[in-house]
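Enquirer: got a structure for you, letters missing:
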């Protein structure tokens, strides 16, 4: 199992997802969604190549969908780096290149 790392941007994405979820759906639903994302991260650490290559961004990333969000990640020798966690409707190329 690879070590999980989050980029600063991915950490901020998770904070925003939690804040929005709590305001829109309540704390319990937001916490459940967050835990589901964490389970998806664990799954990806075990199944590194589960997500297809993201051909759109051109950044050598993989992408995995969890409900309404795409998890963009990169695998290296020692870790799985979560680069961003973006809503499916977001302009991913714009946010990934920022």
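Expert: Right, received. Where do you want to start? The shown structure was predicted, so the numbers you read here are calculated from the model rather than taken from an experiment.
Enquirer: can you list contacts of stretch 84-97?
Expert: If you take CB atoms under 8 Å, 6 or more residues apart in numbering as the criterion, stretch 84-97 is touched by 7, 9-10, 13-14, 17, 37, 54, 56-57, 59, 61, 65, 68-72, 83. In this view, the C-beta of every residue, glycine as well, is placed from N, C-alpha and C.
Enquirer: could you tell me the end-to-end distance of it?
Expert: By CA to CA, to the nearest Å, the extent of stretch 84-97 from end to end equals 11 Å.
Enquirer: I'd like the average pLDDT over the top strand by length along the chain.
Expert: Longest strand of the chain, by residue count under DSSP state E: strand 79-87. Strand 79-87 comes out with an average pLDDT of 95.
Enquirer: after it, next one along is what?
Expert: Sequence order places helix 92-97 as the next helix or strand after strand 79-87, per DSSP states H and E.
Enquirer: buried residues, that next one. List them.
Expert: Neighbour-count burial for helix 92-97, counted by 16 or more other CB atoms under 10 Å, picks out 92, 95, 96.
Enquirer: run a quick neighbour tally on the closest residue to residue 33 other than its chain neighbours.
Expert: Among residues not flanking residue 33 along the chain, residue 21 sits closest, at 5.4 Å (CB to CB, 6 or more residues apart in numbering). Number of residues near residue 21 (other CB atoms under 10 Å) recorded here: 18.
Enquirer: can you name every helix or strand that the helix or strand hosting residue 21 contacts?
Expert: Secondary-structure element containing residue 21, defined by DSSP H and E: helix 8-25. Packed against helix 8-25 by the contact rule (3 or more CB pairs under 8 Å, 6 or more residues apart in numbering; DSSP states H and E) you find helix 27-46, strand 79-87.
Enquirer: pick the most buried one from those.
Expert: strand 79-87 (a mean of 21; mean count of other CB atoms under 10 Å).
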